[in-house]
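K.L.:
pasting a predicted model and its sequence here:
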Amino acid sequence: MAIRAFRPADAEAWAAIQNAGLGQPMTAEALLADEARRNPAHFSRRWVFEGTGEVLGVAHLYFFPFDPPGFLHVTLQVQPSARGKGVGSALWATVLEEAQQQGAALAASVDDTDAESLRWATRRGFVQHAHRFASELDLTVFDAAVHAPALANALAQGVTFTDLAGADAATVDRYLNFFADRLTETPDLAGHPRWPLAQVREMLRLDGTPDFPARPDWLILAIAPDGEWLGTSAMIGFASRPFLYNELTAVIPAARGRGLALPLKLQAIARAREEGYALMRTNNLSTNAPMLRVNRQLGFAPQPGRFELHLGELN
């Protein structure tokens with residue numbers, strides 16, 4: 001039995017363990033695609049615990065842009081039949097040693113329904129920092145007509161909606177700056193350093209990925225009569241997943257309270273339905289009451305969430 005670095009040949013076993021542990025569909029091909037597009041400037045290490053020719057557990061220590069500065073994110077899963085046999089503890093020791101060498105604190109996410117994993121993390125010193133959960137909208141039954149008054153309210157203010165389709169380089173650069181500023185105003189990233197524009201560009205898949213093309217038409221803007229940008233809603237897609245992801249919907253502070261967030265999301269929903277998608281997903285902190293209210297009005301259904309855990313002192 002030994003812990004060693006991940007190899008591409010381990011992708012099938014890794015995906016199987018992750019699917020069993022997290023209940024989220026992952027294929028070996030999707031895992032390798034994620035690895036291929038990972039920014040080499042961002043820290044990432046994967047390990048596997050191998051016993052008698054079989055991968056029994058996996059661990060990943062990596063940069064995650066929504067973690068605070070100085071943190072690395074850890075995921076650790078063990079094959080169900082191998083739990084309670086020291087596999088997780090051995091992988092944890094490897095992760096801890098690497099994190100100490102990097103001088104990093106640790107963040108982790110645990111399903112809020114997974115009491116066993118939460119106890120495991122708590123015993124190792126992790127404490128709850130935040131609660132985040134997904135919400136899903138069934139686009140096959142969505143009735144846009146119900147929300148016509150909200151759209152009419154925005155139009156009555158002279159607000160128009162457009163996207164980045166065909167935008168020139170200067171407009172794209174302006175959008176990246178606009179988006180970076182909105183991120184710093186979210187509950188998730190309040191107090192964090194402003195993201196570099198290259199990181200925003202990567203998040204929005206503006207250069208495409210090996211398995212999905214760039215979609216600037218999914219980067220939507222609300223614009224005032226005088227040309228001021230008031231807000232945005234941005235979506236990204238995945239070849240391996242049957243939904244569109246609403247990465248962010250945000251309005252500048254001076255335009256809040258004017259009912260613009262919901263019409264922005266309506267623009268995103270319309271584009272998703274035009275593409276034939278049956279599902280839209282987004283994520284929110286449990287404390288983000290204004291956006292949670294908008295999502296409820298639109299019919300987004302909350303899904304089981306995840307606790308964000310932090311470990312600041314590594315022993």
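P.N.:
On my side now, so go ahead. Numbering: from 1, shown residues only.
K.L.:
how about the strands in the stretch 1-150 of the chain?
P.N.:
Applying DSSP state E, counting those that start in this stretch to the stretch 1-150 of the chain gives strands spanning 2-5, 44-51, 54-62, 71-78, 105-111, 127-138.
K.L.:
so residue 233 makes contact with residue 244?
P.N.:
No - counting by CB atoms under 8 Å, residue 233 stays clear of residue 244, with 11.3 Å between them. Heads up, the C-betas are built off the backbone N, CA and C, glycines and all.
K.L.:
and for those two, which residues touch both?
P.N.:
Here residue 233 and residue 244 have residue 268 as joint contacts, going by CB atoms under 8 Å, 6 or more residues apart in numbering.
K.L.:
about what we covered before: for residue 16, which of the strands of the stretch 1-150 of the chain is the nearest?
P.N.:
Among the strands of the stretch 1-150 of the chain, the nearest to residue 16 by CB to CB is strand 54-62 (8.5 Å).
K.L.:
neighbouring strands - and their directions - for the closest one?
P.N.:
Sheet pairing for strand 54-62, assigned by DSSP bridges, gives strand 44-51 (antiparallel), strand 71-78 (antiparallel).
K.L.:
now those strands in JSON lines, with mean pLDDT and distance to residue 58?
P.N.:
Shown next, in JSON lines, are the strands paired with strand 54-62 (pLDDT from 0 to 100; distance: least, CB to CB, whole Å):
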{"stretch": "strand 44-51", "mean pLDDT": "95", "distance to residue 58": "5"}
{"stretch": "strand 71-78", "mean pLDDT": "96", "distance to residue 58": "6"}
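K.L.:
looking at the ones you listed, which is buried most?
P.N.:
Of all the strands paired with strand 54-62, strand 71-78 carries the top mean neighbour count, a mean of 22, counting by mean count of other CB atoms under 10 Å.
K.L.:
as TSV, the strands of the stretch 1-150 of the chain with distance to residue 180 would be great.
P.N.:
Shown next, in TSV, are the strands of the stretch 1-150 of the chain (distance: least, CB to CB, whole Å):
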stretch	distance to residue 180
strand 2-5	34
strand 44-51	23
strand 54-62	22
strand 71-78	20
strand 105-111	21
strand 127-138	21
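K.L.:
so which of the ones you listed is nearest residue 179?
P.N.:
Of all the strands of the stretch 1-150 of the chain, strand 127-138 sits nearest to residue 179, with 19.9 Å by CB to CB.
K.L.:
now do the buried residues in that closest one.
P.N.:
129-130, 132-137 (16 or more other CB atoms under 10 Å).
K.L.:
stretch 142-162 too?
P.N.:
For stretch 142-162, burial by neighbour count (16+ other CB under 10 Å) applies to 142, 147, 150-151, 154, 157, 159, 161.
K.L.:
in those, find the pair that's most separated.
P.N.:
Applying CB to CB across these, the maximum distance is between 142 and 157, 24.1 Å.
K.L.:
now do the strands in the stretch 201-315 of the chain.
P.N.:
Along the stretch 201-315 of the chain, the stretches classed as strands by DSSP E, counting those that start in this stretch are 219-223, 229-237, 244-251, 279-285, 301-311.
K.L.:
so which of those strands is nearest residue 20?
P.N.:
The minimum distance between residue 20 and the strands of the stretch 201-315 of the chain falls on strand 301-311, with 16.4 Å, by CB to CB.
K.L.:
pLDDT below threshold where in the stretch 201-315 of the chain?
P.N.:
Applying pLDDT under 70 to the stretch 201-315 of the chain picks out residues 315.
K.L.:
who's residue 130 bridged to?
P.N.:
Bridge pairing for residue 130 - DSSP bridges - gives residue 308.
K.L.:
OK, contacts around it?
P.N.:
Listed by CB under 8 Å, 6+ apart, the contact set of residue 130 reads 285-287, 307-308.
K.L.:
ChimeraX command for the buried members of the residues you listed?
P.N.:
To isolate the buried members of the contacts of residue 130 in ChimeraX, using 16+ other CB under 10 Å:
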select :285,307,308
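K.L.:
hmm, which two among the contacts of residue 130 are most spread apart?
P.N.:
Longest distance between any two of the contacts of residue 130 is 13.2 Å, between 287 and 307; criterion CB to CB.
K.L.:
would you list the strands of the stretch 201-315 of the chain in JSON lines and tack on distance to residue 188?
P.N.:
Formatted as JSON lines, these follow (distance: least, CB to CB, whole Å):
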{"stretch": "strand 219-223", "distance to residue 188": "19"}
{"stretch": "strand 229-237", "distance to residue 188": "14"}
{"stretch": "strand 244-251", "distance to residue 188": "9"}
{"stretch": "strand 279-285", "distance to residue 188": "6"}
{"stretch": "strand 301-311", "distance to residue 188": "10"}
